[in-house]
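In: structure, please.
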Amino acid sequence: VEALAGGARGGPAKVAVIGSALVGSVTAGPVTNMVMTGAMTIPMMKRAGYQPHYAAAVEAAASTGAAIVPPIMTGIVFIMAELTGLSYVRIMLLAIIPAVLYYMCILLQVHLQALKTGMRGSGRGRDMAQVKRELAARGHLLAPVVVLVGLLIDGVYPASAVLWAMPVVPLAAALRRETRMSGPRILQALAEASQELVRVAPVCALSGIVIVALFQTGLGSTFSHVVSSAAGQSMLLLMALGALACLVLGMGVPPTASYLMTVLIVAPLMVKSGLPVQVAHFFALYYAILAFITPPDAVGALVAAGMAGAGFWPTSFTAMRLAMVGFIVPVAFVYRPALLLLGGPLDVLWALAACLILVACLASALEGWMLLRLVPAERLALLGAGLALIPPHPLANVIALAVAGAVFLRQRRGRKDAGVPSPSRI
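Out: Got it, this is the predicted structure:
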């Protein structure tokens, strides 16, 4: 990743975003991801010119969002398959477009931040030779993941697929002398895996107790009734109350347990209101995992801030801003279910195109930069245009496109009048 993006403008932040997404998808949770990748990426971002709190926020937002990245989704994909009755392959495919939108928005924001603060790329181009060397030296270590995903696609039960994939780890490592695992190293790896299990299993077990207590005492059904009564026939109010419930229940809880606690309360309400089951589950999933970086708890921001030597509150609010698209995309699921492949090819393409423009508007408005610095009126106009693209309303969409286009043309004319050259590196 560094060989591909490290020399670009804001390259270290882009490396952090992509690396955290890839690593975090197969790790136990955001904190593990931050410890593994943040120790390297946060100092890189600070040296490149990003403020400590911004570097920490990038790592927190990227690591937290890894729970929505296929093919593993930190294990949530297996639970969702059991609860929804959908196949693993289907859920993996459903997660692709939302994950692309989430990380594209973060990448665009860190790029615009680099432009706004005057950062320069290192001048080093994409080193494809280094990419090839790294793949030749360590590409074989991807074999266990390939085997696991292949078995899951073939319909093997998740627990059995994991058991079959485990022996592939030392076998793949043995293909090269540099990565070969000795007996003690294999035992150490098993011990570390057991430690991860010890951290996760009690949380999942306790969340199960909480879930049972909620329903045995009637609190869960009472809560559902209160939300349903308060929302009435308003889908917008139901989404607002459901999102709030997910954020509250998910605070300080790892993604898997957070998803379990929230989906069993919120998803039935949304399905009862007429939404497809996959829309309801992805809606609950997004807000449940984003609770990890939402103040006042924001455990993810707390960990990242400690690693960067930054303040908690600036880090948490900046992480929330970087992940803002994650708060908007679930609402888009409701109005544009084609984002979850519910519809024909043209429906999916139009929903994707609209949301890509939404991402560009949102990133520019939040960072205050497009081609030049945005004035407050331009930022509000772009934010409004982005939000107007959520529902598939033809008139609202046309007005949104016109507003976004007008702001772009005004920025382009302003840059030309000021004699500002086009950025040479992306």
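In: beyond the helix or strand where residue 385 lies, next helix or strand please.
Out: Using DSSP states H and E, residue 385 sits within helix 376-388. Where DSSP H and E defines the elements, the next helix or strand beyond helix 376-388 is helix 394-418.
In: what helices and strands are in contact with that following helix?
Out: helix 345-367, helix 376-388 (3 or more Cβ pairs under 8 Å, 6 or more residues apart in numbering; DSSP states H and E). Bear in mind the C-beta positions are built from the backbone N, C-alpha and C, glycine included.
In: show me how far the longest one is from its chain's centre.
Out: Put simply, helix 345-367 sits 16 Å off its chain's centre (Cα atoms, centre = their mean, to the nearest Å).
In: what's the angle from it to helix 376-388?
Out: Helix 345-367 runs at 150 degrees relative to helix 376-388, counting by axes from the mean of the first three to the mean of the last three Cα atoms, to 10 degrees.
In: what's helix 345-367 in contact with?
Out: The contact list for helix 345-367 (Cβ atoms under 8 Å, 6 or more residues apart in numbering) reads 97, 101, 104-105, 108-109, 112-113, 116, 321-322, 324-325, 328-329, 332, 336, 338-339, 341, 343, 370, 374, 379-380, 382-383, 385-387, 389-390, 392, 397, 400-401, 404.
In: filter those to the buried ones?
Out: Applying 16 or more other Cβ atoms under 10 Å to the contacts of helix 345-367, the neighbour count classes 97, 101, 104-105, 108-109, 112-113, 322, 324-325, 328-329, 332, 336, 338-339, 341, 370, 374, 379, 382-383, 385-387, 389-390, 392, 397, 400-401, 404 as buried.
In: for residue 417, give me the pLDDT.
Out: On the pLDDT scale, residue 417 is placed at 81.
In: quick one: neighbours of it, just the number.
Out: 9 (other Cβ atoms under 10 Å).
In: same check, this time on residue 258
Out: 29.
In: tell me which element it is part of?
Out: Counting by DSSP H and E, residue 258 is part of helix 255-272.
In: low-confidence stretches in the stretch 101-250 of the chain?
Out: For the stretch 101-250 of the chain, the stretches flagged by pLDDT under 70 are 121-131, 196-201, 203-208, 210-211, 214-215, 218-221, 224.
In: quick one, helices of it?
Out: Remark: helices assigned in the stretch 101-250 of the chain by DSSP state H, counting those that start in this stretch are 128-138, 143-153, 158-165, 168-173, 183-216, 219-231, 235-249.
In: to residue 264, which of those helices lies closest?
Out: Across the helices of the stretch 101-250 of the chain, residue 264 has its closest neighbour in helix 183-216 (5.8 Å, Cβ to Cβ).
In: for the nearest residue to residue 52 once chain neighbours are set aside, grab phi and psi.
Out: Spatial nearest neighbour of residue 52, excluding adjacent residues (Cβ to Cβ, 6 or more residues apart in numbering): residue 310 at 3.9 Å. Phi and psi for residue 310, reported as degrees, to the nearest 10, are phi -110, psi 170.
In: neighbours of residue 310, how many?
Out: 22.
In: tell me the pLDDT of the residue lying closest to residue 155 once chain neighbours are set aside.
Out: Distances taken as Cβ to Cβ, 6+ apart put residue 87 closest to residue 155, at 7.6 Å, once the chain neighbours are dropped. Looking at residue 87, its pLDDT is 87.
In: so what's residue 245 up against?
Out: 223, 227, 262, 265-266.
In: re earlier: just the CA trace of the helix holding residue 385, in CSV.
Out: The C-alpha trace of helix 376-388 is given here as CSV (Å, rounded to 0.1, in the frame of the first residue of the first chain):
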residue,chain,number,x,y,z
PRO,A,376,-19.4,29.2,4.6
ALA,A,377,-22.2,29.6,2.1
GLU,A,378,-20.6,27.2,-0.3
ARG,A,379,-20.1,24.6,2.4
LEU,A,380,-23.7,24.9,3.4
ALA,A,381,-24.8,24.6,-0.3
LEU,A,382,-22.7,21.5,-0.8
LEU,A,383,-24.0,19.9,2.4
GLY,A,384,-27.5,20.6,1.4
ALA,A,385,-26.9,19.2,-2.1
GLY,A,386,-25.4,16.1,-0.7
LEU,A,387,-28.4,15.5,1.6
ALA,A,388,-30.8,16.2,-1.2
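In: perfect, I'm done here.
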